[in-house]
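J.: Output the structure for:
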Amino acid sequence: MEMLLILTVSAPAAEGGMRQFTLSRLVVAKAGTTRAEMYNWARAQCPEGLREANTLFFSVEPNAIPVPVEAVTGR
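T.: Residues are numbered from 1 along each chain as shown. A predicted model of the protein is given here:
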């Protein structure tokens, strides 16, 4: 199933301030894949130095938008 995955992380920067990174991808998940597995995969995609950063946002959901029956049938 095609899933839309979004992860945003943040960590202090060595030179001061904060570093942030957002990953936004369409991924194909096998049947039985867990949200935890998707989260761990996304964390592994972060740049070096941000893989252990604080998670600000995480979302994974089906990419397809369900179409209401009335939109298809006109009723």
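J.: if I pick residue 45, what's in contact with it?
T.: Shown in contact with residue 45 (Cβ atoms under 8 Å, 6 or more residues apart in numbering): 7, 23, 25. (Each C-beta comes from the backbone N, C-alpha and C, glycine too.)
J.: just these now: which is nearest residue 38?
T.: Set against residue 38, the nearest of the contacts of residue 45 by Cβ to Cβ is residue 7 (9.2 Å).
J.: what about that closest one, helix or strand, and which?
T.: Under the criterion of DSSP states H and E, residue 7 resides in strand 2-12.
J.: Kindly check the end-to-end length of stretch 25-32 for me.
T.: In stretch 25-32, first residue to last residue: 19 Å (Cα to Cα, to the nearest Å).
J.: so for that stretch, what's the average pLDDT?
T.: The average pLDDT within stretch 25-32 is 96.
J.: what do you get for stretch 55-63?
T.: Averaged over stretch 55-63, pLDDT sits at 97.
J.: Distance of residue 37 relative to residue 7?
T.: From residue 37 across to residue 7, the span is 13 Å (Cβ to Cβ, to the nearest Å).
J.: quick one on the thing from earlier: in the contacts of residue 45, which residue is surrounded by the most others?
T.: Of all these, residue 7 has the most neighbours under the rule other Cβ atoms under 10 Å, reaching 22 neighbours.
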